[in-house]
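> Turn this into a model:
(chains A, B and C)
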Amino acid sequence: MIRHLLTATLMALVFSTPPLAAAEKYITLVGTTSTDNSGLYDEILPLFTAKTGIRVRVVSVGTGRAINIAKNGDADVLLVHHRKSEDTFVAEGYGVRRHDVMYNDFIIIGPENDPANIWGLKSVVDGLVQIASTRNFFVSRGDDSGTHKKELSIWKLAGIDPAKSSGQWYREAGAGMGATLNTASAMPAYTLSDRGTWLKFENRGGLRLLAENDPLLLNPYGVILINPKRHPHVKAKMGQAFIDWITGAEGQAAIAAYRIKGRQAFFPNARK
Amino acid sequence: MNALAPGPVSASSILPLELDGVCFEAGGTRLIKDVSWRFGADLRTVVIGPNGAGKSLLLRLCHGLIKPSQGHVRWQNEANPARHQAMVFQRPVMLRRSVAANVDYALKLRHVPRRQRTDIIDRVLHETGLKRLADQPARVLSIGEQQKLALARAWALKPQVLFLDEPTASLDPAATHGVEEIIAAIHAQGTRIIMTTHDLGQARRMADEVLFINRGRILEAAPAKAFFEKPKNDLAQAFVRGELLWWNKGRDNRKNQPGLQT
Amino acid sequence: MTDFSDAISNALALVFGLDAALTEIVGLSLRVSLTAVAIAAAIGMPVGALLALYRFRGRFFLVVSMNALMGLPPVVVGLIVYLLLSRAGPFGVFGLLFTPTAMIIAQVLLVTPIIAALTRQVIEDLWVEYEEQMRSLGAGPGRAMPALLWDGRFTLITAILAGFGRATAEVGAVMIVGGNIDHVTRVMTTSIALEVSKGNLALALGLGIILLVLSAGINGAAYMIQHETRRWHA
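Next up is the predicted model:
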């Protein structure tokens, strides 16, 4: 009796999942966790689907891995935020063309009491120099992501090699933005974060925003169609339709309209 | 020929069984030493001897569960002698299914068609007094009942030869009696019985011929009456008198007599 | 501490609200893991039984490797399956990456060693007990195998449940080969990971509690069935 009940329940649950329609129109977008965690895709992608009937399946990983997946041809469209890598990607023939899409910015987060005293500094480079010289905890993404590469570029400008102090005041998390923020919150420590993830982040603990608006902290995004000449199975037409939409009037407006806690999170900058 | 008739398929008998210079070695020790014997038809042979004498090994060599390291085990009509034999062990081994299903399993292994199986199962369970337990899980039966079931299962196969290795060693007197009755019934229907026991009383009750074994050798073989009245071998005599040979190993003067060294 | 009470109220709210997203995620989790376990059992049990019953050259190493594979980290399995299924890989032409099928494949690889290793142990022990009688009846290891598997069914069910536990609890493999795509390959464990990465710890914990209850429910039901039938069979 129990046996029958159990089997019936299991069957019901298992078959309640609608089977994937083989004929479903979709493209695979590989992008970064920071963008996805900000909630942007949940907001704007349905608009694209409503207009074109094409669903967008988003795989969110770190920038390094996203590019890796794109090179293997396991996706149709790449959307990341590291200019240098994007340009190399296209130059090496993996992508068709890079288009500007939007930008947001990075910020420095740190402990409420700001032990390194960086609040008010105009230059983010000065801020990092101060954190390093006072040997306060700094958590790095450490995962080859766009955020990580940006962080490393600022250290370079400051003339500091933080890897030398890895394990001491410089902690490499090897994790996504959310996980890194969790770590920073628990320690507490300074860290570099994109504004979108920070605005949505719920586990702020003892952290607050301590530095922003330095032009160095600008974070531009690029969208690239993966080259069908390289990977013939890529859904080039649908992928291009997506790129046209997100760089077109509708997509750009949707990006601009997206708010997190009342603040605009991303700034559209596609060129006509 | 009526397939439901009791008794073994008489098409071609696999008896007599000839043991010719059979030896068995394990772990560098010779456990069965140069055994030769001819098991003719119709009799009930009881193999007796102290623990560790090699009785169980001998049975297994005859049945083909182990191969001799030297010598031959020869059945008549070598084509497929195993098919006409069955064995019951000291501890019954039952599958986790019903009483009837256990018998059914053995019959299925022999490719007996389904219609015949039901009738055969019915008959053997009835004859062994297990009919009312037919649908019970075999493992909840008492050990005596399980042993009867083992016999029923063997009986269902209509073996020409039934080997029994100390079949009542684990049973109480009442169950022992029941089992002996069943063995007698099986024999009455034409099955050759070859069994081991260390119970003298049982040997007296059941044997037509006796093989006395010690330390891997047949020390005496004789018709039962002759053996029990006047055993020729010293050790056999001691055994029949009920003396516990195996406890006194090495300390009993009698055992150090010449001619008994093996 | 507030996280825990928030987690519990989250969990209750999701369950009693019959949250549609939750049902979808739970349904997919069960579909993937149950399918994987079924396939793993179909492969693992015969393999385990064969290893138990037959002696052959290299058996020792095979047994040791199989036991070692039980400890294989899910993320490693995920990586291997990704490399195999990627378009750049040998089986890319099937386009299986980022689908539930890829997740099932990965979990089959994770679960089969467990079921095979435990089956081997059960069958080996049973054969020690049954061998003589079975051979006497005319059943060598090959013919006896089905009967042995059936007789070992109580322990084998436990082995299957252990495999199911491993499948439902892992996140490394399904994350890499599935991609945690919303409505497509998002399962309980990847959802939890996602919510943690967003900082929604209470929600993540709530989902974790649901996963725990689900697992406990399935295990509890299986145990009861075992208990009832075992009592009957002894």
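> Could you list the low-pLDDT ranges of the stretch 1-150 of chain A?
A:1-23 (pLDDT under 70).
> At which residues are the helices of it located?
For the stretch 1-150 of chain A, helices defined by DSSP state H, counting those that start in this stretch occupy the ranges A:2-16, A:33-37, A:40-52, A:63-72, A:83-91, A:124-133, A:146-158.
> Need the contact partners of stretch C:133-146.
Residues from elsewhere that reach stretch C:133-146, judged by Cβ atoms under 8 Å, 6 or more residues apart in numbering or on different chains: B:63, B:65, B:82-83, B:85-87, B:89, B:93, B:105-106, B:109-110, B:153, B:157, C:46, C:49-50, C:53-54, C:123, C:127, C:130, C:147. (Each C-beta comes from the backbone N, C-alpha and C, glycine too.)
> follow-up on the earlier one: which among the helices of the stretch 1-150 of chain A is found nearest to chain B?
With respect to chain B, and counting by Cβ to the nearest Cβ, the nearest of the helices of the stretch 1-150 of chain A is helix A:2-16 at 17.6 Å.
> which SS class is residue A:174?
Following DSSP: H, G, I helix; E, B strand; the rest coil, we place residue A:174 in the coil state.
> if we can go back for a sec, from the contacts of stretch C:133-146, which would you call buried?
B:63, B:65, B:82, B:85-87, B:89, B:93, B:105-106, B:109, B:153, B:157, C:49-50, C:53, C:123, C:127, C:130, C:147 (16 or more other Cβ atoms under 10 Å in any protein chain shown).
> Centre of the chain to stretch B:51-67, how far?
Computed by Cα atoms, centre = their mean, to the nearest Å, the chain-centroid distance of stretch B:51-67 equals 10 Å.
> hmm, it touching chain C?
Yes - using Cβ under 8 Å from any Cβ of the partner chain, stretch B:51-67 reaches chain C at B:60, B:63, B:65.
> could the helices of the stretch 1-150 of chain A go into a markdown table alongside mean neighbour count?
A markdown table is the format used below for these (neighbours: other Cβ atoms under 10 Å in any protein chain shown):
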| stretch | mean neighbour count |
| --- | --- |
| helix A:2-16 | 13 |
| helix A:33-37 | 27 |
| helix A:40-52 | 16 |
| helix A:63-72 | 22 |
| helix A:83-91 | 16 |
| helix A:124-133 | 20 |
| helix A:146-158 | 20 |
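> closest to residue B:149 out of these?
Residue B:149 lies closest to helix A:2-16 among those, at 28.3 Å (Cβ to Cβ).
> Apart from its chain neighbours, what residue comes closest to residue B:146?
Sequence neighbours aside, residue B:92 is the residue nearest to residue B:146 in space, at 4.1 Å (criterion: Cβ to Cβ, 6 or more residues apart in numbering or on different chains).
> Now do the one you found against chain A, distance only.
30 Å (Cβ to the nearest Cβ, to the nearest Å).
> Using the three-state scheme, assign residue A:223.
Secondary structure state of residue A:223, per three-state DSSP, is strand.
> tell me the contacts of it?
Residue A:223 neighbours (Cβ under 8 Å, 6+ apart): A:77-79, A:98-99, A:101, A:243, A:246-247.
> 7 Å instead?
By Cβ atoms under 7 Å, 6 or more residues apart in numbering or on different chains, the residues touching residue A:223 are A:77, A:79, A:99, A:101, A:243, A:246.
> Which of the residues you listed fall in strands?
Among those, the members found in strands (DSSP state E) are A:77, A:79, A:99, A:101.
> Quick check: the last one vs chain B, distance?
To tie it back to what came earlier, the one meant is residue A:101. Relative to chain B, and taking Cβ to the nearest Cβ, residue A:101 is found at 66 Å.
> near chain A, which residues of chain C show up?
Contact residues, chain C versus chain A (Cβ under 7 Å from any Cβ of the partner chain): C:23-24, C:26-28, C:30-31, C:34, C:86-88, C:95, C:97-98, C:179, C:181-182, C:184, C:196-201, C:221, C:224-225.
> what's the closest of the ones in strands among the contacts of residue A:223 to chain B?
The closest of those, once distances to chain B are taken by Cβ to the nearest Cβ, is residue A:77, at 58.1 Å.
> when you check the residues of stretch B:51-67 next to chain C against the helices, which ones overlap?
The helices, defined by DSSP state H, take in B:60, B:63 from those.
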